[in-house]
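Colleague: attaching a predicted model along with its sequence, questions to come.
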Amino acid sequence: MADLKTITETLIAGDDEALVRNVQEALDGGMKAGTILSDALIAGMDVVGSRMESGEMYIPEVLMSAMCMGAAVEVLKPFLSEGDTTSAGTVVIGTVKGDLHDIGKNLVVMMMQSAGFEVIDLGVDVEVETFLEAIREKKPNIVGISALLTTTMPMMKSTVDQISESGLRDGVKIMVGGAPVDQAFADAIGADAYAADAGSASKLAKAMLA
Ligand code: B1M
């Protein structure tokens, strides 16, 4: 059976076929999906990030690992369900304009879907107007905004500000997240909630609507 270290190494190597095989083997061998996700896959993406920063890995290689992560998450998906399938509410979510990172946001989507939310995923590089249209049309309970770059964090503030200026703020709770975001930033831009990871995002979403 593939162990956590092997899974991490296969992710970093960008070998999607081997990774999917290893993840499946680990699941078949009784390893918990959440453990594989946090201790092998997310841990592996952290290594990829450090190597990217130090110049040891180039963007195409990072992309290969990112695509591998997506393939592995697809294998894990059915096993990550919280088991509660009652409709918990509606969430509109997207990565802010100028930001193309979606792996973390997709995990949040997955965890929220697993927790029983209907999730409308607007994708990446989302214009403020697209958020506003989705709020008007879909009337979500929660708007989720993700950003992975310090340079796109100000766009989170613009998005929150324009939701307020459009008169839509009272009807929704706003949750923000992403690696450079923290509670202090969330408070400063007037968001209702900050979640550090996908698991806490879905728990917090449920708690906010309880
Ligand atoms: Co980029 N990148 N990247 N990148 N990238 C980072 C973020 C970086 C930290 C790497 C580094 O230098 N160490 C750095 C940002 C530095 C900074 O801003 N201070 C960086 C940079 C600089 C860049 C470019 C500018 C590089 C360049 O072109 N020179 C460029 C920008 C492109 C753009 O967006 N306009 C760029 C491009 C890319 C790729 C396209 C190659 C690829 C993205 C592929 C994709 O997403 N489809 C990529 C990747 C993969 C990364 C790293 C390596 C991994 C990100 C990731 O997926 N992590 C990243 C380094 C790192 O984070 N270790 C890096 C795994 C993921 C599960 O975690 O996204 O944090 P995360 O999500 C978590 C939580 O944050 C939270 O829950 C998730 C799950 O637990 N969360 C939320 C996220 N959103 C949430 C929303 C919520 C709640 C919680 O509520 C709504």
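Modeller: Happy to help now that I have it.
Colleague: what residues are up against L11?
Modeller: Contacts of L11 were listed using C-beta atoms under 8 Å, 6 or more residues apart in numbering, and they are 19, 40-41, 44-45, 48, 65, 68-69, 72. Where you see a C-beta, it was placed from the backbone N, CA and C, and this is true even at glycine.
Colleague: hmm, M111 and G199 touching each other?
Modeller: Yes - counting by C-beta atoms under 8 Å, M111 is a contact partner of G199 at 6.0 Å.
Colleague: can you tell me the element V176 falls in?
Modeller: strand 173-177 (DSSP states H and E).
Colleague: how's the chain carved up into domains?
Modeller: Taking automatic domain parsing as the reference, the chain has its domains at 4-85, 90-209.
Colleague: now render those as JSON lines, adding mean pLDDT.
Modeller: Converted to JSON lines, those look like this (pLDDT from 0 to 100):
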{"stretch": "domain 4-85", "mean pLDDT": "88"}
{"stretch": "domain 90-209", "mean pLDDT": "94"}
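Colleague: now those domains as a markdown table including distance to the ligand?
Modeller: Converted to a markdown table, the domains of the chain look like this (distance: least, C-beta to the nearest ligand atom, whole Å):
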| stretch | distance to the ligand |
| --- | --- |
| domain 4-85 | 2 |
| domain 90-209 | 2 |
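Colleague: what's the most buried one of those?
Modeller: Mean neighbour count (mean count of other C-beta atoms under 10 Å) peaks for domain 90-209 among the domains of the chain, with a mean of 19.
Colleague: tell me the strands beside the longest strand along the chain, with direction?
Modeller: Ranked by residue count under DSSP state E, the longest strand found in the chain is strand 89-95. Strand 89-95 sits in its sheet next to strand 117-121 (parallel), strand 142-146 (parallel), going by DSSP bridges.
Colleague: how far off strand 142-146 does whatever helix or strand comes next after the first one point, in degrees?
Modeller: Taking DSSP H and E as the definition, the helix or strand that follows strand 117-121 towards the C-terminus is helix 128-138. On the basis of axes from the mean of the first three to the mean of the last three C-alpha atoms, to 10 degrees, helix 128-138 is oriented at 160 degrees to strand 142-146.
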